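Enquirer: using only what follows, build the 3D model:
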Amino acid sequence: MSLVNTRMVGQIAVLEINSPPVNALSVQLRSDMLKALTTIAENTDVAALLLHCAGSTFICGADIREFDAEPLSPHLPEVIARLENFPVPVVALLHGHVLGGGLEVAAACHYRIADPQTNIGLPEVSLGVVPGAGGAQRMMRLVGVENAVQLATSGRAVKVTQPEYNAFCDALLSDTSFSHLEGLLALGLHWVELALQKGELVPRATANMALDQGEVDWEALTAKVARSAKSNPVPNKLLAQLQRDLCLSVQESESHTRHLFLELRQSLVAKALRHAFFLEKKLQAPRGKQPLRIDQVGVIGAGTMGGAIAICFADAGFKVVLLEQSEQALSAGLERIKVQYQGSCDKGRITQQQCDVRISLINGSCDYSDVADVDLVIEAAFESMEVKQSIFAKLDEVCKKSSILATNTSYLDINLIAQATARPESVVGMHFFSPANIMKLLEIVNADQTAPAVVEAMQQLAKKLRKQAVTVGVCFGFAANRMYSRYGREIQQMLLEGASVEQIDNAMLDFGMAMGPLAVLDLSGIDIGHNARAQYPQPEYDPGYFKVSTALVNAGRLGRKTGLGFYNYSTAKPTVDQEVVVLIKKVGDELGITQQHFNTESIQQRTFLAMISEAAQVIEEGIVSEKEAIDLIWLHGYGFPRAKGGPMFMAEQYGIASLQAKMEKMRELQGEKIWPSLELAQYINQD
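Expert: A predicted model of the protein is given here:
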């Protein structure tokens, strides 16, 4: 069955692509397009060709599943060349998303008309490859060198209405343009008919357009790309290639980027990025058995986390009741929300109308009766079991029976929180990551008595909130903070063994983490984790367990909020002062810890081994049901470098034998309880 349909409407040949759900450029689609183009070209009655896609979107790029095999003919550049050299004018009718190979196809057409809501982009670098069919080169001629380079090296999509990209389209179509016509295809056909009547349509190859280089500051552009690319080397490779080829023809430059594309597609970075892409798709919840019945949400606590959760829901169009104990705390929380929304508006991220609507969706209260009729309540109060049980007892008393009662606790036992209610089946964990309105990860914590329908509702809700959700079981820190605590424990142990604060943060930044782990502690507050751990017994087998954090808290060094933590924040650039060095050494001496020499590689290896060790235990204990959840947690919760795929992906590259040997060495030094024996073959794939 062909993936394209053709028909004649007067003198216009319509080539419709129909390959749901995203009209990906599979080998079959490429072949079917070439066959259809050949047939249309032979028809002397055709005055113009209109290319459009069925469904909700234009072509969204290549079929990524083909990237792990040898490239199959016909290749996309063949389709591009056929379109660009077509004997009659070719018009691309765009809607939805026009991405990757889809944008390369559109850019090769002679004209482009679009729904104003259309998004365009070249996301190849986010998959570890580059546009391989001349997309960047043609966009340079359509929208200017700098705009095209930024589009190709960022991997981000933009609206066709964005001023820098206005020149991409020859016309934007809307119902107000042709109010007597219905449907985008009808609008497109009418536009082509009028242009033909006026004699305005002629074949024109984008590749032959003059290149206006303008004033491009390549040095500044290179620095900007390097900052945003982080651990992904591909954007910089693409930038360098485009700069070298600036004076070449489109065909010559395209051959170079095609070679680069083929070279990169089987690289470890590309495999890691494809791994991340596919695991996100795999772990998305399927369509729910029941429609989501959540319209209004209550949030308990108007502090930093509660306010961010309220923003998260308002952004998704939910009505929110924000509850606080005092009018003063409530007013402060609502004001922070307004300031944040207005800041987003001032930066052009949202319109003033969107800003006003979202602020209006959040209403404050100090009366529990105002959350009586909400469908979901999320508690984001102080991390204390006593406080949370008190809140849940009150919610159980006032909320309607169908309400779902959720806690945002990071560490505490949700089974104990649920015991404060007469409806434990309605109690669930919704662990947002800070800042909740930005971080994509959401842990849905399935407590012992949580009803399956409640878990399913939270999974469906996560999709509406545009979160990457993982469903986990109950244990200290659940899956995410439990693993991060193990990572943190190893870092603090290395401090006691002689690694410096700067060494550790710089090593992990070099690894590709978004922030150094000790700088993260200062930002979040060293006392937060300390107070959570204080509610549990100190492990006797681990004498150095977070002793550095304990010493800093006892010294009043809580992080940025006190101006002192691992770093001193009294100057523009944070520094480590001598007090911290002395304090860490004193703790190490008291524990009799032998000092070692550390370098970047040894620090990175220790932290990675700790990640894998705890991840294996989390899987073994059933806290997560799918090993892919481990990588998702690290990628979206803790800034793990996407270009490395995640700890479990990296473990596959290391190999089981190598990991077992390194862990055995650590077990000899620190003991079985810290480094338990694990059957890694159960959790790590080997070729």
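
Enquirer: quote the end-to-end distance of stretch 618-632.
Expert: Across stretch 618-632, the terminal residues are separated by 14 Å (CA to CA, to the nearest Å).

Enquirer: distance between it and the chain's centre?
Expert: Offset of stretch 618-632 from its chain centre (CA atoms, centre = their mean, to the nearest Å): 19 Å.

Enquirer: give me the contacts around that stretch.
Expert: Residues outside stretch 618-632 that contact it (CB atoms under 8 Å, 6 or more residues apart in numbering): 275-276, 279-280, 282-283, 441, 468, 470-473, 475, 478-479, 482-483, 615, 640, 645-649, 678, 682-683. All C-beta spots, glycine's among them, are computed from the backbone N, C-alpha and C.

Enquirer: drop anything exposed from those residues.
Expert: The neighbour count (16 or more other CB atoms under 10 Å) marks 275-276, 279-280, 283, 441, 468, 470-473, 475, 478-479, 482-483, 615, 640, 645-649, 678, 683 as buried among the contacts of stretch 618-632.

Enquirer: so which of the contacts of stretch 618-632 are in strands?
Expert: 441, 468, 470-472 (DSSP state E).

Enquirer: so of the buried ones among the contacts of stretch 618-632, which ones are in helices?
Expert: Counting by DSSP state H, the buried ones among the contacts of stretch 618-632 place 275-276, 279-280, 482-483, 615, 647-649 in helices.

Enquirer: output these as JSON lines; include the columns distance to residue 132 and pLDDT.
Expert: Listed next are these as JSON lines, based on distance: CB to CB, whole Å; pLDDT from 0 to 100:
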{"residue": "275", "distance to residue 132": "20", "pLDDT": "95"}
{"residue": "276", "distance to residue 132": "20", "pLDDT": "95"}
{"residue": "279", "distance to residue 132": "24", "pLDDT": "94"}
{"residue": "280", "distance to residue 132": "23", "pLDDT": "93"}
{"residue": "482", "distance to residue 132": "42", "pLDDT": "95"}
{"residue": "483", "distance to residue 132": "37", "pLDDT": "97"}
{"residue": "615", "distance to residue 132": "35", "pLDDT": "96"}
{"residue": "647", "distance to residue 132": "30", "pLDDT": "96"}
{"residue": "648", "distance to residue 132": "29", "pLDDT": "95"}
{"residue": "649", "distance to residue 132": "24", "pLDDT": "95"}
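
Enquirer: nearest to residue 126 among those?
Expert: The shortest approach to residue 126 among those belongs to residue 276, at 9.1 Å (CB to CB).

Enquirer: right, and the closest one touches residue 635 too?
Expert: Yes. In this structure, residue 276 is within contact of residue 635 by CB atoms under 8 Å, at 5.9 Å.

Enquirer: any weak-confidence spans in the stretch 51-200 of the chain?
Expert: 175-182 (pLDDT under 70).

Enquirer: ok, the closest residue to residue 483 other than its chain neighbours - contacts?
Expert: In space, and not counting its chain neighbours, residue 483 is closest to residue 614: 4.7 Å by CB to CB, 6 or more residues apart in numbering. Listed by CB under 8 Å, 6+ apart, the contact partners of residue 614 are 482-483, 486-487.

Enquirer: how about a cut-off of 7 Å?
Expert: The contact partners of residue 614, taken as CB atoms under 7 Å, 6 or more residues apart in numbering, are 482-483, 486.

Enquirer: do the same with residue 641
Expert: 230-231, 511-513.

Enquirer: out of those, who's nearest residue 660?
Expert: For the contacts of residue 641, the nearest to residue 660 is residue 511 (21.9 Å; CB to CB).

Enquirer: residues in contact with that closest one?
Expert: Shown in contact with residue 511 (CB under 7 Å, 6+ apart): 604, 641.

Enquirer: related to what we said a few turns ago, reformat the ones in strands among the contacts of stretch 618-632 as a markdown table; add distance to residue 541.
Expert: Converted to a markdown table, the ones in strands among the contacts of stretch 618-632 look like this (distance: CB to CB, whole Å):
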| residue | distance to residue 541 |
| --- | --- |
| 441 | 31 |
| 468 | 35 |
| 470 | 29 |
| 471 | 31 |
| 472 | 25 |
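
Enquirer: and of the residues you listed, the nearest to residue 97?
Expert: Lowest distance from residue 97 to the ones in strands among the contacts of stretch 618-632 (CB to CB) belongs to residue 468, with 19.2 Å.

Enquirer: tell me the secondary structure at residue 72.
Expert: coil (DSSP: H, G, I helix; E, B strand; the rest coil).

Enquirer: burial count for the closest residue to it other than its chain neighbours?
Expert: Computed as CB to CB, 6+ apart, the closest residue to residue 72 that is not its neighbour in sequence is residue 27, at 4.4 Å. Residue 27 is flanked by 17 other residues according to other CB atoms under 10 Å.

Enquirer: also residue 338?
Expert: Neighbours of residue 338 using other CB under 10 Å come to 14.

Enquirer: how far away from the center of its chain is the helix or strand containing it?
Expert: Using DSSP states H and E, residue 338 maps to helix 327-346. How far helix 327-346 lies from its chain's middle: 25 Å, per CA atoms, centre = their mean.

Enquirer: just want the angle from the following helix or strand past it to helix 327-346.
Expert: Later in the chain than helix 327-346, the nearest helix or strand by DSSP H and E is helix 352-361. If you take axes from the mean of the first three to the mean of the last three CA atoms, to 10 degrees, helix 352-361 sits at 160 degrees to helix 327-346.

Enquirer: any idea of the mean pLDDT for helix 352-361?
Expert: Average pLDDT, helix 352-361: 96.

Enquirer: show me the helices in the stretch 51-200 of the chain, by range?
Expert: Here the stretch 51-200 of the chain has its helices, by DSSP state H, counting those that start in this stretch, at 76-84, 101-108, 135-143, 145-154, 184-197.

Enquirer: identify the residues contacting residue 137.
Expert: Residue 137 neighbours (CB under 7 Å, 6+ apart): 250, 253-254.

Enquirer: what's the closest non-adjacent residue to it?
Expert: residue 250 is the one closest to residue 137 (CB to CB, 6+ apart), at 4.5 Å.

Enquirer: tell me how many other residues crowd the one you found.
Expert: The local packing of residue 250 (other CB under 10 Å) involves 22 other residues.

Enquirer: where along the stretch 551-687 of the chain do the strands fall?
Expert: For the stretch 551-687 of the chain, applying DSSP state E, counting those that start in this stretch gives no strands.

Enquirer: what residues do residue 276 and residue 635 have in common as contacts?
Expert: With CB under 7 Å, 6+ apart as the test, residue 276 and residue 635 both reach 642, 646.

Enquirer: if you skip the residues just before and after it, what's nearest to residue 538?
Expert: residue 545 (6.1 Å).

Enquirer: which residues touch that neighbour?
Expert: Counting by CB under 7 Å, 6+ apart, residue 545 touches 489, 538-539.

Enquirer: pLDDT at it, what is it?
Expert: Predicted confidence (pLDDT) for residue 545: 96.

Enquirer: going by secondary structure, residue 299 is in what exactly?
Expert: Counting by DSSP H and E, residue 299 is found in strand 296-300.
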